[in-house]
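**Q** Could you look at this predicted model? Sequence included:
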Amino acid sequence: MALPQTIRFDSLLSATKAYLTPDVVRNASVMTGESEAATREAMQGGVASLFAGLTNMVSTSEGASTLGNLIRKPAFGKLLNNVSSSFSGGSEISSLMDSGYNLLGTIFGDRTSSVADILAGFSGISSSSSGKLMAMLAPLAIGVLGKHAAARGLNATGVANALIGQRDEFAAASPAGLSKLLGAWAPRPVGIHDASDTDVYRYEAPVATARTPERPAGMRWWPLLLIGLALLLFWFFRNIGSRAREAGRQVVTTTQNPLWSIHLPGGADIFVPTGSLNYNLARFLADGSQTAPQTFVFDRLNFETDSTQITADSQSTVTNLSQILNAYPTAQVQLSGHTDNTGAPDADRSLSLNRANAVKQMLVDGGIAADRIATIGYGQDRPIASNSTEEGRAKNRRLELTVTQK
């Protein structure tokens, strides 16, 4: 039986960050419209987040195998030959991001958007920009990991070793809240020492063991079971009334995002889901240390098909937005409409503008001065995800709000 691989690690974070040269950061800044300083911070946090996600991924044998196959793909290794060119725009960046969005889905699954939101809060950029940067960085991280694996002759188990051995470094450099989002880390590897007393780590796949059922011990346990059941029923019926009374006071009404009470200037209180556009917008406007421009993507705003009419469950989003903007009367905003690429470009551009104007009119009806709200329709010109999948197209069909002045 082959022994698990034992290796000494170089820092994957440092190796990847070495590719984030001033030119690369500058190009990424232009691509996202964010400042270079914020872009640099987001890219560094994004690299750490990606490796944290990969570490979480290889905690299962299936994930380790999937990653082992990914790092052998030549395209990711070739990216390292000229990273600056790949980040400079044009068809190369489009291809890079398409590949990156697919990688993000593999690494984070349905938590991809939440990871982008966490990174946005960490760096002060918009969630849209955060998602783009993560898509750019994912192929780079895979390329660096593949290069390290090839140089050391690592198989899938060895790659898992390399990631798990640097888990603490990834966690320390990742945005706060990421580890909680990703759930429990992979089991801590066993620390051993070589002749130079340098820590190395061993990763072994868990071994399934058969469990022999215990023999019944006769009827001696029945009295205890009956007593326990009686106590459980007593507790249940005693507390059911108090639970009903408490339910009327609970703020949490969603399974994914609990509602958060925000007290606005002027005395109004609103209840919004944590992490939503209105939640992030209210916090941004209240924080004097953050400056405009800042972009937010509407998350609970849906339109009827090929229409400018929002769905009934989207009304509360606009209502709360009106209250926030009323509480900050000096704020100036722009509503930007976007579509996927399934329609005619001119028609999509017109539809995206009309939807932005429709939301503007609802805000005006809610008491916001029309001259505080600019609108623009980009149609399918500025995708944030690949249009090759339904999930990507759904992300591209969006409305964004940019605070242009606080």
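**A** Sure, I can see it.

**Q** domains of the chain?
**A** 12-191, 259-405 (automatic domain parsing).

**Q** Quick check: mean pLDDT of the last one?
**A** When pLDDT is averaged over domain 259-405, the result is 91.

**Q** Look at it and report the distance between its end residues.
**A** One end of domain 259-405 sits 27 Å from the other (C-alpha to C-alpha, to the nearest Å).

**Q** just stretch 27-41 next, same as before
**A** End-to-end distance for stretch 27-41, by C-alpha to C-alpha: 14 Å.

**Q** Other residues contacting it?
**A** 20, 25-26, 42-43, 84, 87-89, 93, 122-126, 128-129, 132-133, 136, 293, 295 (C-beta atoms under 8 Å, 6 or more residues apart in numbering). Backbone N, C-alpha and C define where each C-beta goes, glycine included.

**Q** gap between that stretch and the chain center?
**A** On the basis of C-alpha atoms, centre = their mean, to the nearest Å, stretch 27-41 sits 18 Å off its chain's mean C-alpha point.

**Q** filter the contacts of stretch 27-41 to the buried ones?
**A** Among the contacts of stretch 27-41, those buried by neighbour count (16 or more other C-beta atoms under 10 Å) are 20, 25-26, 42-43, 87-88, 93, 122-126, 128-129, 132-133, 136, 293, 295.

**Q** Give me the subset of those residues lying in helices.
**A** 25-26, 42-43, 93, 122-123, 128-129, 132-133, 136 (DSSP state H).

**Q** how about the closest residue to residue 404 other than its chain neighbours, what does it touch?
**A** Of all residues not flanking residue 404 in the chain, residue 332 sits nearest, at 4.8 Å (C-beta to C-beta, 6 or more residues apart in numbering). Residue 332 sits next to 372-374, 403-405 when contact means C-beta under 8 Å, 6+ apart.

**Q** List phi and psi for residue 332.
**A** phi -110, psi 140 (degrees, to the nearest 10).

**Q** Residue 371 now?
**A** Torsion angles, degrees, to the nearest 10, at residue 371: phi -80, psi 0.

**Q** Take the ones in helices among the buried ones among the contacts of stretch 27-41 and lay them out in a markdown table including distance to residue 348.
**A** Conversion of these to a markdown table gives the following (distance: C-beta to C-beta, whole Å):
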| residue | distance to residue 348 |
| --- | --- |
| 25 | 32 |
| 26 | 31 |
| 42 | 29 |
| 43 | 31 |
| 93 | 22 |
| 122 | 33 |
| 123 | 31 |
| 128 | 18 |
| 129 | 22 |
| 132 | 20 |
| 133 | 25 |
| 136 | 25 |
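
**Q** give the contact list for the residue nearest the centre of the chain.
**A** Using C-alpha atoms, centre = their mean, the residue of the chain that lies closest to the mean C-alpha position is residue 115, 1.9 Å off. Residue 115 sits next to 49, 53, 104, 108, 134, 178, 181 when contact means C-beta under 8 Å, 6+ apart.

**Q** Show the end-to-end separation of stretch 162-177, please.
**A** Distance across stretch 162-177, first residue to last, is 23 Å (C-alpha to C-alpha).

**Q** SS state for the residue nearest to residue 121 when sequence neighbours are not counted?
**A** Residue nearest to residue 121 in three dimensions, not counting chain neighbours: residue 175, with 7.1 Å by C-beta to C-beta, 6+ apart. With DSSP: H, G, I helix; E, B strand; the rest coil as the basis, residue 175 sits in coil.

**Q** now residue 175: how far from residue 112?
**A** Distance from residue 175 to residue 112, counting by C-beta to C-beta, to the nearest Å: 14 Å.

**Q** again, but for residue 53
**A** 9 Å.

**Q** Who has more neighbours out of the two?
**A** Neighbours per residue (other C-beta atoms under 10 Å) separate residue 53 from residue 112, with residue 53 holding more: 27 against 22.

**Q** buried sites along the helix or strand harbouring the more buried one?
**A** Using DSSP states H and E, the secondary-structure element containing residue 53 is helix 36-57. Within helix 36-57, the residues scored as buried using 16+ other C-beta under 10 Å are 38-57.

**Q** Looking at the ones in helices among the buried ones among the contacts of stretch 27-41, which two lie furthest apart in space?
**A** 93 and 122 (23.3 Å; C-beta to C-beta).

**Q** what about residue 16, neighbour count?
**A** Counted with other C-beta under 10 Å, residue 16 comes out at 25.

**Q** I figured it was touching residue 147, is that so?
**A** No - assessed by C-beta atoms under 8 Å, residue 16 is found out of contact with residue 147, at 10.0 Å.

**Q** how close does residue 267 sit to residue 330?
**A** Taken as C-beta to C-beta, the span from residue 267 to residue 330 is 18 Å.

**Q** try residue 323
**A** Relative to residue 330, and taking C-beta to C-beta, residue 323 is found at 16 Å.

**Q** Same check on residue 65?
**A** Counting by C-beta to C-beta, the gap from residue 65 to residue 330 is 55 Å.

**Q** the more surrounded of these two?
**A** When residue 65 and residue 330 are compared for neighbours, residue 65 comes out ahead with 15 against 8, by other C-beta under 10 Å.

**Q** Let me know the secondary structure of the more buried one.
**A** helix.

**Q** tally of neighbours for the closest residue to it other than its chain neighbours?
**A** Once flanking residues are discounted, residue 65 sits nearest to residue 156: 5.4 Å by C-beta to C-beta, 6+ apart. For residue 156, the tally of surrounding residues (other C-beta under 10 Å) stands at 21.
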